[in-house]
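S.K.: Structure, please.
(one chain, ligands or ions: 1)
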Amino acid sequence: MTPAARLQAASDILDLLGKTRRPAEEVLKDWGRNNRYAGSKDRRAIADKVYQCLRARERLSFAMDSSAGRALVLGALHFLDGVSLSEIDDLYTGEGYAPAKLSVAERKRLEAGDGEAPEWLESGLPAFVVERLKGVYGDDWLKEAEALMLPRAPIDLRVNGDRAPLIAGLEMLGYRPEPTPFSAFGVRLPADPPPNVRALPAFRQGTIEIQDEGSQLAGFLAGARPGMTVVDYCAGGGGKTLALLQAMQGPNGETSGRLIASDVEKTRLNNIKPRLTRAGLEAELRQLGPDGEGMEDLEAQADLVLVDAPCSGSGVWRRRPETAHKLEETEVARLHELQSAILHRASRLVKPGGLLAYATCSILPDENELTADRFEADHPHFTPRPIADALDGAAVTPEGAETLKHIAQGHRLRLSPGTSHTDGFFVSLYRRKP
Ligand SMILES: C[S@@+](CC[C@H](N)C(=O)[O-])C[C@H]1O[C@@H](n2cnc3c(N)ncnc32)[C@H](O)[C@@H]1O
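M.R.: The predicted structure is shown next:
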């Protein structure tokens, strides 16, 4: 493909993304499948342009006064890549597969420059999110915002066992793996070139799972131990379920105890089955009714309940930048209500003296500290459990544990791409009074 044809393809894909909630990654894969003439270099260049436009979408649509794919790509070329208007004219010829010539209005827009954009536009995040980030991170908010939207987040693996042999094996295959600094079972692979993890023998054998280090920590800090009755209340596709089961393994590698993975969505629960099979692990799967029906037998029975609550997913925007501009403040308010209701319901399953862990993959205080504050005010029979205590015996490296103690605020831990180089995660821990 010519460079100009790639730009046309990027514009078309951005238009498709404007009309769907499907992840950009899937839409790009589909496009590649349907346009076989595009080679791997073409697909890479097109994806790079699409992600560049998605990350700077707010700023580019402000500058171009349009969020059409073509406007975003033109804006990215001129304002971000510094491509001159005459160079753009050479690309936008309207010949063959090249994009149509610049219109008078487009030329005027580009000539006018990107103006005095409000600072929130620079970050590529919705204005209300910037407001929240400033509240949480003060002067560091822009550093956090940039890290949150940074391209090419590394791929983390959770190893079910010793990570040293896996690292050696990956090196022999030509990868550049590194041990993750916090999780004792984490291995980090650079995003470039994209590793095909699912094709690795270790993946097929269930030795590794793709899981961000922040998510691994949320699973490990919850406090599962061999022999416990553990409820993974919002189990979804089972990422934390598997980490909890790993924490329930004794020194002989045998898992003991009982793990109940529940969710309102049956399809999500079904996704856990192949993962369990691959890893040779077992869990009871339960579909909940809309008000948490289906767990009556577990009232005050669980040693540990993990609530990995539905959230905005703002902590993983570096992996899905296309979702950032779609988040609305009203949705965050709805999520806060839902999280509070779920946490209340799930807390009833904790036995006296048992543990409760609340987690989200959000960076917004509405879904984190505010939900935790509300739970604590309404549930005085739960006492905060310091992160420092939870680190004791958790699968965390000694150096990592020291850093996490500093980052933690008592019983709450806020991870972010800017602070811990993980996805954004929040964890808050409790113990039910005996
Ligand atoms: C953040 S995701 C869970 C991710 C999962 N724990 C993992 O590590 O892969 C939140 C989950 O909560 C589920 N959920 C939504 N509403 C719920 C409710 N009322 N009760 C229980 N789960 C709910 C969603 O279906 C979704 O799977």
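S.K.: Quick one: name the residues of the stretch 201-350 of the chain near the ligand.
M.R.: 215, 233-240, 263-265, 268, 288, 308, 310, 342 (CB under 6 Å from any ligand atom). Using the backbone N, CA and C atoms, a C-beta is placed for each residue, glycine as well.
S.K.: continuing past the lowest-mean-pLDDT helix or strand in the chain, what's the next helix or strand?
M.R.: Least confident helix or strand, the chain: helix 119-123 with a mean of 67, by mean pLDDT, DSSP states H and E. Downstream of helix 119-123, the next assigned helix or strand under DSSP states H and E is helix 127-137.
S.K.: which of the residues of the stretch 201-350 of the chain next to the ligand count as buried?
M.R.: 215, 233-240, 263-264, 268, 288, 308, 310, 342 (16 or more other CB atoms under 10 Å).
S.K.: can you tell me which two in these are farthest apart?
M.R.: Longest distance between any two of those is 21.4 Å, between Ser215 and Leu288; criterion CB to CB.
S.K.: Walk me through the domains of the protein.
M.R.: Here the domain parsing of the chain from automatic domain parsing is 3-117, 213-432.
S.K.: Mind checking which of the residues of the stretch 201-350 of the chain next to the ligand land in strands?
M.R.: Asp263, Asp308 (DSSP state E).
S.K.: Could you list which of the residues of the stretch 201-350 of the chain next to the ligand belong to helices?
M.R.: The helices, defined by DSSP state H, take in Ser215, Gly239, Lys240, Arg268, Ile342 from these.
S.K.: Distance to Ala202 and pLDDT added to the residues you listed, as JSON lines?
M.R.: Shown next, in JSON lines, are those (distance: CB to CB, whole Å; pLDDT from 0 to 100):
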{"residue": "Ser215", "distance to Ala202": "19", "pLDDT": "97"}
{"residue": "Gly239", "distance to Ala202": "17", "pLDDT": "94"}
{"residue": "Lys240", "distance to Ala202": "20", "pLDDT": "96"}
{"residue": "Arg268", "distance to Ala202": "25", "pLDDT": "94"}
{"residue": "Ile342", "distance to Ala202": "34", "pLDDT": "98"}
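S.K.: Take those and write them to a markdown table, including distance to Pro194.
M.R.: Output for these, formatted as a markdown table (distance: CB to CB, whole Å):
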| residue | distance to Pro194 |
| --- | --- |
| Ser215 | 19 |
| Gly239 | 20 |
| Lys240 | 25 |
| Arg268 | 25 |
| Ile342 | 35 |
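S.K.: Now do the residue most central in space within the chain against Arg431, distance only.
M.R.: Nearest to the mean C-alpha position of the chain, counting by CA atoms, centre = their mean, stands Val316 at 2.8 Å. Val316 is 29 Å from Arg431, where distance means CB to CB, to the nearest Å.
S.K.: So Ala333 sits against Leu364, correct?
M.R.: No: taking contacts as CB atoms under 8 Å, Ala333 lies outside contact range of Leu364: 10.6 Å.
S.K.: More neighbours: which of the two?
M.R.: Leu364 (27 against 12; other CB atoms under 10 Å).
S.K.: Helix, strand, or coil at that one?
M.R.: Assigned with DSSP: H, G, I helix; E, B strand; the rest coil, Leu364 falls in the coil class.
S.K.: quick one: which helix or strand includes the nearest residue to the residue nearest to the centre of the chain once chain neighbours are set aside?
M.R.: Take Val316 and drop its neighbours on the chain: the residue closest to it by CB to CB, 6 or more residues apart in numbering is Asp423, 4.8 Å away. Counting by DSSP H and E, there is no helix or strand that carries Asp423.
S.K.: roughly how far apart are Asp423 and the ligand?
M.R.: Counting by CB to the nearest ligand atom, to the nearest Å, the gap from Asp423 to the ligand is 11 Å.
S.K.: repeat for Asp392
M.R.: 23 Å.
S.K.: ok, now Thr403?
M.R.: For Thr403, the distance to the ligand - CB to the nearest ligand atom - is 23 Å.
S.K.: what do you get for Leu221?
M.R.: In this view, Leu221 and the ligand are 13 Å apart by CB to the nearest ligand atom.
S.K.: Skip the chain neighbours and tell me the closest residue to that residue.
M.R.: Nearest to Leu221 is Ala390, by CB to CB, 6+ apart, at 4.6 Å.
S.K.: For that neighbour, give its distance to Gly410.
M.R.: Remark: distance between Ala390 and Gly410 (CB to CB) = 11 Å.
S.K.: Can you pick out the residue with more neighbours from the two?
M.R.: Ala390 (24 against 12).
S.K.: picking that back up, give me the mean pLDDT for the host helix or strand of the residue nearest to Leu221.
M.R.: For Ala390, the host element (DSSP H and E) is helix 387-391. For helix 387-391, mean pLDDT is 98.
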